[in-house]
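[1] Provided below for reference: sequence and predicted model.
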Amino acid sequence: MKTIITLLFASLVALQAADAASKTSAAEQPRTFCNPLSIPNYPLGYDARNAEKGKPDTDEGWRLGYQEQYRKLADPTVLWIDGKWYLYPSCDMAWVSADNGATWEHHPLNVRDLGYSPTVVLHRGRFLLTASDGPAIYASSSPLGPFEKIGDLPAPRSAKVPERWDKMLFADDDGRLYLYFGTTSTTGIWGMELDASDPTKALSEPVELFTFNPRERSWEAFGEWNENPNKSWIEGSWMLKRNGKYYLTYSAAGTPYRTYAMSCFVGSSPLGPFKPQKRNPILRTIDGLVTGTAHGCIVPGPENQLWAFYTVRAGVAHKYESRIGMDRAEIDANGELVVNGATSLPQWLPGKMPTDAKSAESGWLPINGFVLTLGSTNAPNLQGRFAVDNEMRTWWEPAQGDKQPTLTSSFGSPATIQAVRLIWRDIGLDTKRGVKPGPFRYRVEIETAKDQWTTILDRSGSTEDLLVDYRECKPTTGTRARLVILGSPKGITPGVAEFTVFGTTFVTK
């Protein structure tokens, strides 16, 4: 029995930029990207690698009341080198995008899993790499390695310096090299200068650049702090130099929370003194599909535009489950670093924005809204709403024995569809028992006339493992869309966290 989900949407006001875009046939190369990013081959999260499926667990990290394997990427460091993005996140490395972030390809490194918060910097002709779990530092002549260990970072001589966590390497344009780190103690963000010729040696002792202060900066506070004021959660430091100023960003309020935020201090030298911006936090998104947006990096990219790459809260099976997003950033007229919110709608890629577009947002809106779902017995199937509720922590899954599950979305009036985003959950993942991740195979169709369906996306032969799959399609006008699930990895039930069709509600001819 196929599962039919009917979605009725409220009338949407079309944007002028989308009008121009919809009159243009879909290009072979993507014109837009959409968060969370479509990154292939998500690895297992650290806490999931030894998880016993279904085992009760009192650890507060498990969100379902029992252990369940999950996949995760977080804490991204990103480099823009020779027209390509190089992405180094926690849990595995690395990924490369040759089309400005529209698509990514996995390039496993020879030292691909060094623990949380890897940091990579190009310094004096070589790429230096380190991470939180251990003092080792590596070097390579290529951003993809092979990396060789050159030694250990210098240990602080003072016992007052706390454990170094979330390390970040920064190469200044004068050739000097610095190390920054945060802590989970009662202190804040620290920095020190390393020997530019030999990073295993220190030129200065670590100094505390600013401290955890939730009473003056309320966005730093998190739930556990109220019970234990002697503990902070300030981490994820990142240094950006722009127009002679040093912008030191950091994250606070706790990774598992939707209030997780990125903030910024500004100084005139790499080791300060630093003062907080008036405009803080610089990135905090607490509502919608993409929340808990922090712990990442801000880097110059194509067209010399600044870009923020950041962690996105997922938190279904475990509180540290996460995805990755990216958005434009800028230095505003007051000289302050700004990220104008995390996006979850299609955004124009660099060089792809139409000349008459008024912003980086494509103007393609979700053609879904109110849900009136009927099951085979004409009884409301409330679970179907989970596929369209703009929330990654809920999902729809087909009934047992449903050999070709189908989700059908009714637009209420004709709409022109430009793109589709699917966010999957691989239910039943259990690598210990041979149930491994892999591609979801599907087809998306549009009803162009009564009971006449046209395929706009054919992924029936997909070999790509994508938990998030965003794709543009040839602009097609119709009154309904349906997702036909054709296959999933052996032992995996395909959960649909989000099935979103993007477009406009006016018909183009």
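    That came in fine, so what should we check first?

[2] and the strands in the stretch 151-300 of the chain, which stretches?
    Ranges of strands in the stretch 151-300 of the chain, per DSSP state E, counting those that start in this stretch, are 165-171, 177-182, 189-194, 207-210, 234-242, 245-252, 261-267, 274-276, 294-300.

[3] what comes up buried for stretch 285-298?
    285, 289-298 (16 or more other C-beta atoms under 10 Å). (C-beta placed from N, C-alpha, C; glycine too.)

[4] for Lys149, state which of those residues is nearest.
    Cys297 (23.5 Å; C-beta to C-beta).

[5] find the centremost residue of the protein, please.
    Most central in the chain under C-alpha atoms, centre = their mean is Ile324, positioned 1.2 Å from the mean C-alpha point.

[6] can you give the distance of the one helix or strand that one maps to from its chain's centre?
    Using DSSP states H and E, Ile324 falls within strand 322-331. On the basis of C-alpha atoms, centre = their mean, to the nearest Å, strand 322-331 sits 8 Å off its chain's mean C-alpha point.

[7] partner strands of it and their direction?
    Using DSSP bridges, strand 322-331 pairs in its sheet with strand 306-313 (antiparallel), strand 337-339 (antiparallel).

[8] pLDDT on the longest one, on average?
    If I follow you right, that is strand 306-313. Mean pLDDT, computed over strand 306-313, is 98.

[9] over to the shortest one?
    Per-residue confidence for strand 337-339 averages out to 97 on the pLDDT scale.

[10] quick one on the thing from earlier: could you save the strands of the stretch 151-300 of the chain as a markdown table and add columns showing mean pLDDT?
    As requested, these are exported to a markdown table (pLDDT from 0 to 100):
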| stretch | mean pLDDT |
| --- | --- |
| strand 165-171 | 95 |
| strand 177-182 | 95 |
| strand 189-194 | 96 |
| strand 207-210 | 94 |
| strand 234-242 | 95 |
| strand 245-252 | 96 |
| strand 261-267 | 97 |
| strand 274-276 | 97 |
| strand 294-300 | 97 |
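
[11] where does the stretch 401-509 of the chain have low pLDDT?
    Of all residues in the stretch 401-509 of the chain, those with pLDDT under 70 make up the ranges 506-509.

[12] give me that answer again for 80
    Along the stretch 401-509 of the chain, segments meeting pLDDT under 80 span 412, 506-509.

[13] tell me the mean pLDDT for the strand holding Ile324?
    On average, strand 322-331 scores 98.

[14] need the per-residue pLDDT for Asn213.
    88.

[15] Ser11 now?
    Confidence score, pLDDT, at Ser11: 32.

[16] ok, the buried residues of stretch 285-298 vs Val120, which is closest?
    The closest of the buried residues of stretch 285-298, once distances to Val120 are taken by C-beta to C-beta, is Cys297, at 10.1 Å.

[17] look up how far Tyr180 lies from the closest one.
    As defined by C-beta to C-beta, to the nearest Å, Cys297 lies at a distance of 12 Å from Tyr180.

[18] mutual contacts of those two, please.
    Counting by C-beta atoms under 8 Å, 6 or more residues apart in numbering, the contacts common to Cys297 and Tyr180 are Trp238.

[19] adding distance to Pro118, write the strands of the stretch 151-300 of the chain out as TSV.
    Below are the strands of the stretch 151-300 of the chain laid out as TSV (distance: least, C-beta to C-beta, whole Å):
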stretch	distance to Pro118
strand 165-171	9
strand 177-182	13
strand 189-194	17
strand 207-210	21
strand 234-242	12
strand 245-252	16
strand 261-267	18
strand 274-276	24
strand 294-300	11
